[in-house]
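[1] sequence isn't available, so here's the structure alone:
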């Protein structure tokens, strides 16, 4: 049923050999200076997708030392490797090496999951658990690959703050639980909040899980108990939007499977060209605003989180000026140097010449007097709840002027989030 898809997403033997060779070569450079290093992520568990050359390396340290990130940095310097230091609860590093992107993460070597000081300290337990399950049932590897490709294509893959989707580990656990991709989409198409998935049966029901984990860790519509550490929800980052989006596409995919339709679009999608955005704007009789934005920060997660906030900021300000937004899309940058693009479909093209300015209740003397003095030359009326309303000339009437106004008025606010903003209106 999914053979055609698997041919495109399962790495070839040649690709696998090349990956192992480069990983070992890179790893051996660091092993001269660092203690134990293990390969994690999708590569470490052999669930990676063809063409996906992002590698996680975990450097294990015996003691909780504030300097462990500095020790890793010294090793990178000694090998003259080009790296970026990403600041967080524990700093880690990104290194580009021979077309591969390495993430080097210092972690503590802990005796039991409860000793973890950081969620990354649990990584060796995650690797061991998933590998053990895949050794018991090797066919699960390709089932996981199908789910990863599907989730990536519909943009629900990734626990980063700007995505709020399913992590790679969560994806692997879902297939371990449901046994196959087909069974997963059948079951997920019927999901409704709150879903409890507890592979090792640590809890009797969802209420017991919520009580033990606490409300903060179980806000997400799905609670996926980490089998290696039952006090952790492996899907705590999943938003209601991404949860619902996954259910929606599972329903669509199932329907197309039943009708014998081509399903490749659910796993691979072509890049949307500018003309397609313009066609959509014309179809719905809206103006298309395209914002080219480079976020601030030294990691994709930080930069794209700021892009997401910038998009929300523009949406709010555009609506405050009296326009309506039909849709908003974001094409997030995949690398740190390039900009992201925000597409906003706005209507109407031109607003009326006048707008309502709502004032205070007439019995609030000082506020009423200030409002009245400011707008007294314009027509006024009283609202049903007793407020004074002035009908005043509108300053911003068209979409282009609105964007220029927002960028100029909130220049300092935007500087905190982005390096630059350019825009076009179609």
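    All right, it came through fine. Everything quoted here is computed from the prediction, not taken from an experiment. Numbers count the residues shown, from 1 in each chain.

[2] for residue 202, what are its contacts?
    Residue 202 makes contacts with 209, 225, 227, 230, as judged by CB atoms under 8 Å, 6 or more residues apart in numbering. All C-beta atoms are positioned from the backbone trio N, CA, C, and that covers glycine.

[3] burial count for the spatially closest residue to residue 108 that is not a sequence neighbour?
    Nearest residue to residue 108, sequence neighbours excluded (CB to CB, 6 or more residues apart in numbering): residue 121, at 4.8 Å. Counted by other CB atoms under 10 Å, the residues lying close to residue 121 total 22.

[4] pull the contacting residues for residue 121.
    When the contact criterion is CB under 8 Å, 6+ apart, the partners of residue 121 are 107, 108, 110, 115.

[5] if we use 10 Å, what do you get?
    Contact partners of residue 121, counting by CB atoms under 10 Å, 6 or more residues apart in numbering, are 58, 60-61, 64, 90, 105-110, 113, 115.

[6] could you export those as TSV, including distance to residue 174 and pLDDT?
    Below are those laid out as TSV (distance: CB to CB, whole Å; pLDDT from 0 to 100):
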residue	distance to residue 174	pLDDT
58	23	98
60	27	96
61	31	95
64	32	70
90	27	91
105	23	97
106	29	96
107	24	96
108	28	95
109	28	94
110	25	94
113	20	93
115	27	92
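
[7] of these, select the buried ones using a ChimeraX command.
    This is the ChimeraX syntax for the buried subset of the contacts of residue 121, where burial follows 16 or more other CB atoms under 10 Å:
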select :58,60,61,90,105,106,107,108,110,113
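
[8] need the contacts of residue 121 in JSON lines (columns: distance to residue 307).
    Below are those laid out as JSON lines (distance: CB to CB, whole Å):
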{"residue": "58", "distance to residue 307": "29"}
{"residue": "60", "distance to residue 307": "34"}
{"residue": "61", "distance to residue 307": "34"}
{"residue": "64", "distance to residue 307": "34"}
{"residue": "90", "distance to residue 307": "25"}
{"residue": "105", "distance to residue 307": "24"}
{"residue": "106", "distance to residue 307": "28"}
{"residue": "107", "distance to residue 307": "29"}
{"residue": "108", "distance to residue 307": "33"}
{"residue": "109", "distance to residue 307": "36"}
{"residue": "110", "distance to residue 307": "35"}
{"residue": "113", "distance to residue 307": "34"}
{"residue": "115", "distance to residue 307": "36"}
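
[9] check the contacts of residue 121 and tell me the two furthest apart.
    Within these, 106 and 113 form the most distant pair, 17.9 Å apart (CB to CB).

[10] which stretches in this protein count as strands?
    With DSSP state E, the ranges of strands along the chain come out as 37-40, 54-61, 83-86, 92-97, 100-108, 195-197, 222-224, 287-295, 324-331, 340-347, 354-361, 380-382, 387-393, 418-425.

[11] from those strands, which stretch is densest packed?
    Most buried of those by mean neighbour count (mean count of other CB atoms under 10 Å) is strand 222-224; its value is a mean of 24.

[12] run through the neighbouring helices and strands of that strand.
    Other helices and strands packing on strand 222-224, by 3 or more CB pairs under 10 Å, 6 or more residues apart in numbering; DSSP states H and E, are helix 168-178, strand 195-197, helix 206-213, helix 240-258.

[13] tell me the buried residues in the third one?
    The neighbour-count check on helix 206-213 (16+ other CB under 10 Å) flags 209, 210, 213 as buried.

[14] before we move on, back to that, and of the contacts of residue 121, the nearest to residue 379?
    Here the nearest of these to residue 379, counting by CB to CB, is residue 90; it sits at 62.2 Å.

[15] so the closest one makes contact with residue 70?
    No: in this structure, residue 90 sits apart from residue 70 without contact. The criterion is CB atoms under 10 Å, and the distance is 11.2 Å.

[16] any common contacting residues for these two?
    Shared between the contact lists of residue 90 and residue 70 (criterion: CB under 10 Å, 6+ apart) are residues residue 106.

[17] surely residue 95 meets residue 80?
    No: with contact defined as CB under 10 Å, residue 95 does not reach residue 80; the gap is 11.2 Å.
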